[in-house]
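1. Have a look at this prediction, sequence included:
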Amino acid sequence: MCGIVGYIGYEQAAPFLLHGLEKLEYRGYDSAGICLNDGSELIVKKAKGKLEELEKLTDYGKNIHGTVGIGHTRWATHGEPSDVNAHPHLSDSCRFAVVHNGIIENYLQLKEYLTAKGVTFRSKTDTEVIAQLIEYYYQGDLIDTVIKVLSKLDGSYALGVISKENPDEIIAVRKESPLIIGIGENENYIASDVPAILSKTRRIYRLENNEIAILRRDSIRIINTDKDEVRKEEETIQWDIDAAEKGGYEHFMFKEIMEQPKALHDTVNPRIKDGRIVLDEIKLTKEQLRQYRKINILACGSAYHVGVVAKYVFEKMLRIPVEADLASEFRYRDPIVDDKTLTIVISQSGETADTKEAMKEAQRRGSHVISIVNVVGSAIATESDEVIYTWAGPEIAVATTKAYSTQLAVVYLLAIYFAEMLGTITDAEYQYYLKELEALPDKIQEILDHEENIQYLASQLFHSRDVFFIGRNIDYALSLEGSLKLKEISYIHSEAYAAGELKHGTISLIEEGTLVIALATHEPLIAKTISNIEEVQTRGAYVLCLACENHQEVGSVAQSTIFIPQTCDMMLPSLAVIPLQLFAYYVASLKGCDIDKPRNLAKSVTVE
Ligand code: G6P
């Protein structure tokens, strides 16, 4: 949520800053700005709207000069998207500029305090108080001043600070919001995420909470708030620069949908050796596992939807009660969690504020936490007790696809692994499940190879105003994701319902032509779901059904049916989600929506 980039070197900074912001636009895209020290003063250019507005304003960085600068792409929290609320924010006399990712919770008190001292504020943002406080406390030493200002701030922040007084320095700070330092030759960088700097360097430091980096052209110093030097491990980014590029596809989302067979293969196959699952990451013993009375799953958004699938899977496979909780609700509801609860946290970014705090709440209550995370070295990955990485590669599109799929794959790996440890499955079942898991990438590929069928259905149905997704059991869990995918990128109102629940009120919304997408893959309940399909059809609904190819009879019930290959029941969501992703994609495309950057959204939600 919000992207920060910074450059200090000998080249003109603006083109690089704009390039970096483009790579970070998935974090927010309602306005953007850059600030450069041109040798005598701080020059700021900001523009409401997508980055291209700022690019035009600065003639692609050509009309703003300086070799030290910071930039920001915003997802508004305090103050509407506008030129004035866009970052960077300057102090009253324009001597200090700040970019910020996070929320300053006590900004109103600080603003009142400074206003009473005669400081004039220009914006409605929480961030501006930081720039104003720096100026207010500045007595000649910027580091001391920043440290003093940090002691006044409550909340979360990643900060980039430059000043007219110190033209050869960028100061960067991290607390709860991600920030990396890029290490170059005679130039150095800051960024919220790796893609922003990958064209320049693969060498980075990841800042930890309350660390302050002082970047000069030829040096990087990292200190803590007591001004002690901090020794950091340098990390080399391994992934290919192409992984974060569109590679000829029109949208990142489509590219990422197409990458799913590989992502699943990369996540699953290295963890299967000689016909057995090997999870070196998990240190839990059989005895420890046996003592758990409950599994608690914490996540947000689509990752939560994986958690709902996992509830069905774990309860069936392990016979342990499972609660899947929205992290934002869990953290404030005095949850019943203790050392007899195993917590599983799911997050693509590893930085989602609510998920991270919910995890800490579970840990405070004595629960052991296993995280399922995509971004290596992220906060949730490092702060959980054990981490299993999904090897999906960088996911850029705001609407997740390959991260969701690889998270599901890890859920299956864990379910089979734990079931064997607990003795709740036979060896024959173990082998069968493994075989099915390894076969998923090919079966997904088979669906992708026939994606034109789904494109055709989208062309027939993209005018729908309301859509209802229904399903039972694991199909219901998947319907949550199908519905979210459609609404978030196409802006069509859509809801997911347990098929049996629809008649308790919501069925009154079904009228002539309402689109109902019925998921009927869960074998034991197909007949029940067919009854629910008939109920909505009787009331005028147009039903698009999703079923397994060995249940052709479903095709005669619905107006249109998409068939998917067969697999074991618990893994069907991995196959069924693919047509739902493609359907959402094509509907959004036909409606002319901005697929990779849907309105009001951001990918990495680092505020609560
Ligand atoms: C945002 C993204 C979703 C994601 C959710 C949780 O809303 O758009 O795709 O599922 O955050 O993010 P996380 O990084 O924790 O998986």
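-> Thanks, I have the structure now.

2. For the rest of this, base every contact and every neighbour count on C-alpha atoms.
-> Will do.

3. Just the endpoints, please. Distance across stretch 421-430?
-> Taking CA to CA, to the nearest Å, the span from the opening residue of stretch 421-430 to its closing residue is 11 Å.

4. Buried residues of that stretch, list them for me.
-> M421, L422, T424, I425, Y430 (16 or more other CA atoms under 10 Å).

5. The strand or helix carrying L582 close to the ligand?
-> Using DSSP states H and E, L582 sits within helix 572-590. No. Among the residues of helix 572-590, none lie within reach of the ligand under CA under 6 Å from any ligand atom; the closest is 12.3 Å away.

6. Alpha carbons of that helix, in PDB - could you do that?
-> Output in PDB follows, covering the C-alpha atoms of helix 572-590 (Å, rounded to 0.1, in the frame of the first residue of the first chain):
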ATOM      1  CA  LEU A 572     -11.000 -29.600  -7.100                       C
ATOM      2  CA  PRO A 573     -10.800 -25.900  -6.200                       C
ATOM      3  CA  SER A 574      -7.300 -25.900  -7.800                       C
ATOM      4  CA  LEU A 575      -8.900 -26.800 -11.100                       C
ATOM      5  CA  ALA A 576     -12.300 -25.100 -10.800                       C
ATOM      6  CA  VAL A 577     -10.700 -21.700  -9.900                       C
ATOM      7  CA  ILE A 578      -9.000 -21.500 -13.300                       C
ATOM      8  CA  PRO A 579     -12.200 -21.000 -15.400                       C
ATOM      9  CA  LEU A 580     -13.500 -18.500 -12.700                       C
ATOM     10  CA  GLN A 581     -10.300 -16.500 -13.000                       C
ATOM     11  CA  LEU A 582     -10.500 -16.500 -16.800                       C
ATOM     12  CA  PHE A 583     -14.200 -15.600 -16.700                       C
ATOM     13  CA  ALA A 584     -13.500 -12.600 -14.500                       C
ATOM     14  CA  TYR A 585     -10.600 -11.600 -16.700                       C
ATOM     15  CA  TYR A 586     -12.500 -11.700 -19.900                       C
ATOM     16  CA  VAL A 587     -15.600 -10.000 -18.500                       C
ATOM     17  CA  ALA A 588     -13.400  -7.200 -17.200                       C
ATOM     18  CA  SER A 589     -11.600  -7.000 -20.500                       C
ATOM     19  CA  LEU A 590     -14.900  -6.800 -22.500                       C
END
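
7. Can you check what pLDDT the model gives K597?
-> pLDDT recorded at K597 is 89.

8. Revised request: answer the last question for E165.
-> pLDDT, E165: 87.

9. Just to check, it is in contact with R95?
-> Yes. Counting by CA atoms under 8 Å, E165 does reach R95; the two are 6.9 Å apart.

10. who has more neighbours, the two?
-> Between E165 and R95, counted using other CA atoms under 10 Å, R95 has the larger neighbour count: 19 against 16.

11. count of neighbours near the spatially closest residue to that one that is not a sequence neighbour?
-> In space, R95 comes closest to K164 once its chain neighbours are excluded; the distance is 5.0 Å by CA to CA, 6 or more residues apart in numbering. A count of neighbours around K164, defined by other CA under 10 Å, yields 19.

12. One more: the one 4 residues further on?
-> Residue crowding around D168 was assessed by other CA under 10 Å; the count is 17.

13. secondary structure element for it?
-> With DSSP H and E as the test, D168 turns up in no helix or strand.

14. what do you get for N532?
-> Using DSSP H and E, N532 falls in helix 526-538.

15. Quick one: the helices in the stretch 1-150 of the chain, in order.
-> Using DSSP state H, counting those that start in this stretch, the helices assigned to the stretch 1-150 of the chain run over residues 13-24, 51-57, 107-116, 128-137, 142-150.

16. out of those, nearest to L289?
-> Within the helices of the stretch 1-150 of the chain, the stretch nearest L289 is helix 13-24; the backing value is 40.2 Å (CA to CA).
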